[in-house]
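> please work out how this folds:
(one chain, ligands or ions: 1)
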Amino acid sequence: SPVSLNLNYIAPFVADHEWDQLRPAVSEAHRRLHTGNGAGADFLGWMDLPDKGDHEELERIEKTAAGICEHADVFIVIGIGGSSLGAKAVISGLSHSFHSFLQPKKKNGPDILFLGEHFGSDYTAELLEALAGKNVYVNVISKSGTTTEPAIAFRIVKTWMEKTYGKGEAKKRIIATTDREKGALKTMANAEGYETFVVPDDVGGRYSVLTPVGLLPIAVGGISIRDLLAGAREASYEYTEERLSHNQAYQYAAFRYLMYQKGKQIELLSTYEPKLTDFSGWWKQLYGESEGKDGKGLFPASVAFTSDLHSMGQYVQEGRRHLFETVLYIGKSRNKIQIPRSDGDEDGLDFLAGEHLDAINKKAYQGTMLAHTDGSVPNLILEMEQLNAFSMGALIYFFEKACALSGYLLGVNPFDQPGVESYKQNMYALLGKPGHAKRRIELEERLNE
Ligand code: PA5
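A predicted model of the protein is given here:
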């Protein structure tokens, strides 16, 4: 696999017997996962997504994406949580960071914008303003088809599309990704005749990046979804291995579980590549929503280095010792940037002249890792030679498999998210949604106390 786990900087924090005692629990969790006997077993469809491969669907995704790339200036992805974070992670990880500034000839598709992830008025208004005069296509994504944030965003964008292009043309520019048969979005898609893609029943939102949920926007981003799936497929074979000693995804899960048992409360995902910031967002949802329940779970947080060494670095080095770090380190960038020589060497940096930024980044990573380890922050290191569609597919699968196993080690259902409902019910009641009248009175009384 392109992902390799380096345990050298965490092993000193764990005794051999602690590791050994975990083996039976890992085997048991593996067995549950692979026989479909554990909690949430109705949602194990993600496990063989890369291998099962629906070729017709893949071709339709590629064809639809090619059509969008040919005609669109802007592609709006409407979705929240598992319906947007995966695509966002892969697109910002692998596409040009300044795509919207490139000359049209240099672009390999439309600019991709995300909406429906909040109720931000200014963001929404400014996005609509930016659409003026552009050729716009939309992918609205919601498994349930009823989530309020994307539903409201879609209502706003649909109205804009119909006003701008007329109803008939707007329909041709809207693609819906939702449940096979249920939900308001499916009903709307049927009534309007939108092109639709299906979110499989047995795949939960945060495990859905390798379904059309993630694949269509990723393909529009000019990224090879076949390579992404191939990387995930290779990882899926590798992480089928039951033995802890032979399965690095399980080793990652086991170490974080030992950290948790020893009283660590926070896992910090540290990246040294700004293109991975959105990947951290995807990872946080995966682990936070899968494990934070029943009063348990590590709190997943992230830092983007070296930027955050100048904001959070102090805390990591010397603050409360309730955290450990999982470092995501990429060996080689796609571009090579060399430090130029400067005539007077006024800044005293000539000793670096001719060096590549990658080499400097590596030293920063190594120095930080040693400093943090000295500061009693165990470091789990995940190294990847290069960031590309293949390695990213493998990384996604690595974390998914580890997360599922980790949830079972912790004794939770890693595939549900009952806690997400609480804010929704309150919000519906406060907004006066029919059927919530009693709760509305109770909540308003509390707010007016
Ligand atoms: O992981 C999950 O299940 C959630 O984050 C959902 O993806 C999120 O709430 C969006 O749900 P939906 O796709 O039904 O609109």
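
> identify each buried residue in stretch 43-54, please.
43, 44, 45, 46, 47, 49, 50 (16 or more other C-beta atoms under 10 Å). For glycine as for every other residue, the C-beta is placed from the backbone atoms N, C-alpha and C.

> with stretch 17-34 instead?
Under the neighbour-count criterion of 16+ other C-beta under 10 Å, stretch 17-34 has 19, 22, 25, 26, 29, 30, 32, 33 buried.

> that older thread, return the subset of the buried residues of stretch 43-54 lying in helices.
49, 50 (DSSP state H).

> how about the buried residues of stretch 43-54 in JSON lines, adding pLDDT and distance to residue 377?
Shown next, in JSON lines, are the buried residues of stretch 43-54 (pLDDT from 0 to 100; distance: C-beta to C-beta, whole Å):
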{"residue": "43", "pLDDT": "96", "distance to residue 377": "33"}
{"residue": "44", "pLDDT": "96", "distance to residue 377": "34"}
{"residue": "45", "pLDDT": "95", "distance to residue 377": "36"}
{"residue": "46", "pLDDT": "96", "distance to residue 377": "31"}
{"residue": "47", "pLDDT": "96", "distance to residue 377": "32"}
{"residue": "49", "pLDDT": "92", "distance to residue 377": "35"}
{"residue": "50", "pLDDT": "93", "distance to residue 377": "34"}
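
> follow-up on the earlier one: take the buried residues of stretch 17-34 and keep only those in strands.
Among the buried residues of stretch 17-34, no member is found in strands (DSSP state E).

> so what's the residue count around the residue in the stretch 151-300 of the chain positioned nearest to the ligand?
As assessed by C-beta to the nearest ligand atom, the ligand sits closest to residue 205 within the stretch 151-300 of the chain, at 2.1 Å. Per other C-beta atoms under 10 Å, the neighbour tally for residue 205 reads 27.

> do the one 4 residues further on as well
The number of residues packed around residue 209, counting by other C-beta under 10 Å, is 32.

> just the element for the nearest residue to it once chain neighbours are set aside, please.
Of all residues not flanking residue 209 in the chain, residue 86 sits nearest, at 2.7 Å (C-beta to C-beta, 6 or more residues apart in numbering). Per DSSP states H and E, residue 86 falls inside helix 85-94.

> now the element after that helix, going C-ward?
From helix 85-94, the next helix or strand downstream (DSSP H and E) is strand 111-115.

> which other residues reach that next one?
73-79, 84, 88, 91, 99-100, 123-124, 127, 130, 150, 153, 157, 217, 220-221 (C-beta atoms under 8 Å, 6 or more residues apart in numbering).

> the ligand: which of the buried residues of stretch 43-54 is nearest?
Nearest to the ligand among the buried residues of stretch 43-54: residue 43, at 9.3 Å, using C-beta to the nearest ligand atom.

> can you verify my assumption that that closest one contacts residue 200?
No: checked against C-beta atoms under 8 Å, the pair residue 43 and residue 200 is beyond contact range at 9.7 Å.

> a markdown table for the buried residues of stretch 43-54, including distance to the ligand?
Shown next, in a markdown table, are these (distance: C-beta to the nearest ligand atom, whole Å):
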| residue | distance to the ligand |
| --- | --- |
| 43 | 9 |
| 44 | 15 |
| 45 | 13 |
| 46 | 11 |
| 47 | 16 |
| 49 | 15 |
| 50 | 19 |
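
> from the buried residues of stretch 43-54, which two are the most distant?
43 and 50 (16.4 Å; C-beta to C-beta).

> check which helix or strand residue 325 maps to.
Taking DSSP H and E as the definition, one finds residue 325 inside strand 323-332.

> tell me the buried residues in that strand?
For strand 323-332, burial by neighbour count (16+ other C-beta under 10 Å) applies to 323, 324, 325, 326, 327, 328, 329, 330.

> stretch 303-315 too?
Those buried within stretch 303-315 under the rule 16+ other C-beta under 10 Å are 303, 304, 305, 306, 308, 309, 312, 313.

> was I right about the first one contacting residue 315?
No: under the criterion of C-beta under 8 Å, residue 303 makes no contact with residue 315, lying 9.5 Å away.

> and the stretch 301-449 of the chain, which of its residues are near the ligand?
417, 420 (C-beta under 6 Å from any ligand atom).

> what segments of the stretch 301-449 of the chain are strands?
323-332, 379-386 (DSSP state E, counting those that start in this stretch).

> looking at the buried residues of stretch 43-54, which are in strands?
Those of the buried residues of stretch 43-54 lying in strands (DSSP E): none at all.

> dump the buried residues of stretch 43-54 to TSV, plus distance to residue 228.
TSV is the format used below for the buried residues of stretch 43-54 (distance: C-beta to C-beta, whole Å):
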residue	distance to residue 228
43	21
44	20
45	17
46	14
47	16
49	11
50	9
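
> for residue 269, which three-state class applies?
strand (DSSP: H, G, I helix; E, B strand; the rest coil).

> which one is it nearest to, not counting chain neighbours?
residue 302 is the one closest to residue 269 (C-beta to C-beta, 6+ apart), at 4.4 Å.

> what is the neighbour count of the one you found?
20.

> isn't it right up against residue 276?
No: the criterion here is C-beta under 8 Å, and residue 302 misses it with residue 276 at 9.2 Å.

> what bridges to the closest residue in space to residue 131 that isn't next to it in sequence?
In space, and not counting its chain neighbours, residue 131 is closest to residue 74: 6.2 Å by C-beta to C-beta, 6+ apart. Going by DSSP bridges, residue 74 is paired in beta bridges with residue 111, residue 136.

> ok, residue 74 - contacts?
110, 111, 112, 113, 130, 131, 134, 135, 136, 137.

> rerun that using 6 Å as the cut-off
With contact taken as C-beta atoms under 6 Å, 6 or more residues apart in numbering, residue 74 is in contact with 110, 111, 134, 136.

> cool, residue 46 as well?
203, 207, 400.

> and what of residue 406?
residue 253.

> from residue 260, how far off is it?
Using C-beta to C-beta, to the nearest Å, we find residue 406 at a distance of 9 Å from residue 260.

> again, but for residue 409
9 Å.

> just the helices in the stretch 251-400 of the chain please.
277-291, 313-318, 357-374, 389-410 (DSSP state H, counting those that start in this stretch).

> just checking, what packs against the first one?
What it means is helix 277-291. helix 85-94, strand 299-304, helix 389-410 (3 or more C-beta pairs under 6 Å, 6 or more residues apart in numbering; DSSP states H and E).
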